[in-house]
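**Student:** sequence first, then the predicted structure, then my questions.
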Amino acid sequence: MYISDITAMPPIGVPTTPTVTTLTAPKVVERAPGQPTFMDVFSQIFNEAVNTDAVKNADSVRMVLGDVDDLETIMLNKEKATLALELFVNVRNAVVDSYNEIIRMQI
């Protein structure tokens, strides 16, 4: 969308001819080779949340069975899983908010 400069506008009350603006395709930004895409990063965050949750669940089973010598590691794995899930949810919420903002834009 083209926005005219405020200094180029004629004074109020002077009849003007309407200008036609044309839409142009957005510029495609080339990414460097080896640079991850957003989908790669999002998938990595999701996989990390799933993996840390699986470790937390395995630790919980080991704790119930009494096969645990180190509670500190179990608590650390539990916190890692919680933080990974919170990170994933926050990224997802940011993506959904951005999508909704784009949808509400008027062209």
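**Tutor:** It's in.

**Student:** distance from the helix ranked longest in the chain to the middle of the chain?
**Tutor:** The helix that spans the most residues within the chain, counting by DSSP state H, is helix 71-104. Centroid displacement of helix 71-104 relative to its chain, using Cα atoms, centre = their mean, to the nearest Å, is 10 Å.

**Student:** name the helices or strands packed onto it?
**Tutor:** helix 38-65 (3 or more Cβ pairs under 8 Å, 6 or more residues apart in numbering; DSSP states H and E). Where C-beta positions appear, they are placed from N, C-alpha and C, glycine not excepted.

**Student:** in the helix it packs on, what's buried?
**Tutor:** Neighbour counts over helix 38-65 (16 or more other Cβ atoms under 10 Å) mark 45, 48-49, 52-53, 56, 59 as buried.

**Student:** next, format the residues you listed as CSV and append pLDDT and distance to Leu65.
**Tutor:** CSV is the format used below for these (pLDDT from 0 to 100; distance: Cβ to Cβ, whole Å):
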residue, pLDDT, distance to Leu65
Ile45, 92, 31
Glu48, 93, 26
Ala49, 93, 25
Thr52, 95, 21
Asp53, 94, 19
Lys56, 95, 15
Asp59, 93, 11
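
**Student:** quick check, nearest of these to Leu85?
**Tutor:** Taking Cβ to Cβ as the measure, Leu85 lies nearest Ala49 of the buried residues of helix 38-65, at 5.1 Å.

**Student:** need the contact list for the closest one.
**Tutor:** Counting by Cβ atoms under 8 Å, 6 or more residues apart in numbering, Ala49 makes contact with 81, 84-85, 87-88.

**Student:** end-to-end on stretch 31-45?
**Tutor:** 21 Å (Cα to Cα, to the nearest Å).

**Student:** which residues touch stretch 29-41?
**Tutor:** With Cβ under 8 Å, 6+ apart, stretch 29-41 has contacts from Gln44.

**Student:** next, the distance between the ends of it.
**Tutor:** Terminal residues of stretch 29-41 are spaced 18 Å apart (Cα to Cα).
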